[in-house]
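[1] from the sequence below, what's the structure:
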Amino acid sequence: MAEGLRQFSGRVLLILSGEDYTAKEFLEYAGANAAWAGLLDTDRISRVEPPDADHTFSAQALRLKVEDATLDWLASLER
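    Okay, the predicted model is just below:
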């Protein structure tokens, strides 16, 4: 996955939920693994991380927050 991201030259929207242990494990792994070094910190990676969201964004307000962030990100691609 890291190699695919490294080779992809486009912009990426990374959506993670703050109360999701899978997301936390991913960030821990990416932070400790040499293959991921710096990949998530580049300008072409945009991150949305609602701190109170669970894995499925089960609350409607959180789904709307992610929806708005996604629409904003898509609109930014046109600039």
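[2] who's in contact with the residue most central in space within the chain?
    Averaging the C-alpha coordinates of the chain gives a centre point, and the residue nearest to it by C-alpha atoms, centre = their mean is residue 14 (1.8 Å). For residue 14, the contacting residues are 40, 45-48, taking C-beta atoms under 8 Å, 6 or more residues apart in numbering as the criterion. The way it works is simple: take the backbone N, C-alpha and C, and place the C-beta from them, glycine included.
[3] recalculate using a threshold of 6 Å.
    With contacts taken as C-beta atoms under 6 Å, 6 or more residues apart in numbering, residue 14 has the following neighbours: 45, 47.
[4] what does it show for phi and psi?
    Note on residue 14: backbone dihedrals following degrees, to the nearest 10 are phi -110, psi 120.
[5] how far away is it from residue 47?
    From residue 14 across to residue 47, the span is 5 Å (C-beta to C-beta, to the nearest Å).
[6] tell me the spacing between the residue nearest to the centre of the chain and residue 60.
    Residue 14 is 22 Å from residue 60, where distance means C-beta to C-beta.
[7] flag every buried residue along the longest helix along the chain.
    Using DSSP state H, we find that the single longest helix of the chain is helix 60-77. Judged by neighbour count (16 or more other C-beta atoms under 10 Å), helix 60-77 contains these buried residues: 62, 65-66, 69.
[8] ok, stretch 46-59 next?
    Buried residues in stretch 46-59, defined by neighbour count with 16+ other C-beta under 10 Å: 48, 50, 53, 57.
[9] the second one: helix or strand, and which one exactly?
    When you say that, I think you mean residue 50. Taking DSSP states H and E as the criterion, residue 50 maps to no regular element, lying outside all helices and strands.
[10] my guess is it meets residue 62, correct?
    Yes. Counting by C-beta atoms under 6 Å, residue 50 does reach residue 62; the two are 5.4 Å apart.
[11] how close does residue 8 sit to residue 17?
    Distance of residue 8 to residue 17, computed by C-beta to C-beta: 23 Å.
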